[in-house]
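A.B. asks: below is the sequence, then the predicted model.
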Amino acid sequence: MPKYSSLTEAIDDNERAVCKVRGCHEPRSRISGFCLRHGQKNHSYGHPLARPIYRKDYAIERDECRAILSRNLEAGHPGVVYAVGLFDRWLEAKDFSQAISTVKRPSAALADHFTRLKASGVTGLDLLVEAASIWLFADRNQKRVDGHRHLTYTLGHKLCRAKAAPLPKPLKGKAMPFKGIITGPASRMVGEMVIKNLGVLLIAVCRKVQAQEAKHQETLLAMYEPLEV
Ligand SMILES: [Zn+2]
């Protein structure tokens, strides 16, 4: 026999418990394990304690990844060529539904969004650089991007906001950023597609950056060697 005779009863019972986030004393919201605020963050960004990550936060990572990826695209690295081709297909709205055929709910809003990115001049390489730099940023800042789920959402969320032209200005106030249409589940879908198709390549890019850092560190250490008098 089910524990509750109705959904209302289940909600009433759940709402008597407190939010799962440590230190939060708000009641849970509906059937969620979180309060309204933490539940919304979890739904939109893949983590109840997600804080905004701005493009400037991973500017250094973007430069590092662009240098490696541009060089390898030029050299015809098969993984990089494949990844750029994949993102180029996403930017072609016609091919987008095909590109996401493995996903159950292809979203028309996402197809629109990628068309819009293309119209803003975003290329497949740009999207690959964005994905790799977020991955590298997450690797270096594990408190900012906490775990696989959070990374998945962050990848999708940031790719969906790569550099689209803003929406027309509303009557009052600032130009609206691209917001509202790309929901949490859409971010997750895009993030999952990136991880599934390109995860191995993105890890390889991170390793390459780390190897370069280690080499640089070695050079610096060599400079500390005692000098002859
Ligand atoms: Zn809470």
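C.D. replies: Yep, it's here.

A.B. asks: which element is Gln210 on?
C.D. replies: Secondary structure from DSSP states H and E places Gln210 in helix 184-223.

A.B. asks: can you show me the helices along this structure?
C.D. replies: For the chain, the helices defined by DSSP state H occupy 7-14, 36-45, 59-74, 78-91, 93-99, 108-119, 124-140, 147-159, 184-223.

A.B. asks: circling back: which helices and strands sit right next to the helix holding Gln210?
C.D. replies: Counting contacts by 3 or more C-beta pairs under 8 Å, 6 or more residues apart in numbering; DSSP states H and E, helix 184-223 packs against helix 36-45, helix 59-74, helix 78-91, helix 108-119, helix 124-140, helix 147-159. The C-beta positions use only the backbone N, C-alpha and C, and glycine is treated the same way.

A.B. asks: hang on, the earlier thing: wait, which of the helices of the chain is closest to the ion?
C.D. replies: Between the ion and the helices of the chain, the shortest separation by C-beta to the ion is 3.6 Å, and it involves helix 36-45.

A.B. asks: centre of the chain to the closest one, how far?
C.D. replies: Centre-to-centre, helix 36-45 and its host chain are 16 Å apart (C-alpha atoms, centre = their mean, to the nearest Å).

A.B. asks: and stretch 42-52, by the same measure?
C.D. replies: In terms of C-alpha atoms, centre = their mean, the centre of stretch 42-52 is found 11 Å from the chain centre.

A.B. asks: okay, buried residues for it please.
C.D. replies: Residues of stretch 42-52 classed as buried by neighbour count (16 or more other C-beta atoms under 10 Å): Asn42, His43, Ser44, Tyr45, Gly46, His47, Pro48, Ala50.

A.B. asks: now tabulate the residues you listed in CSV and tack on distance to the ion and pLDDT.
C.D. replies: Below are the buried residues of stretch 42-52 laid out as CSV (distance: C-beta to the ion, whole Å; pLDDT from 0 to 100):
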residue, distance to the ion, pLDDT
Asn42, 10, 94
His43, 13, 91
Ser44, 14, 89
Tyr45, 14, 93
Gly46, 16, 95
His47, 12, 96
Pro48, 7, 95
Ala50, 13, 94
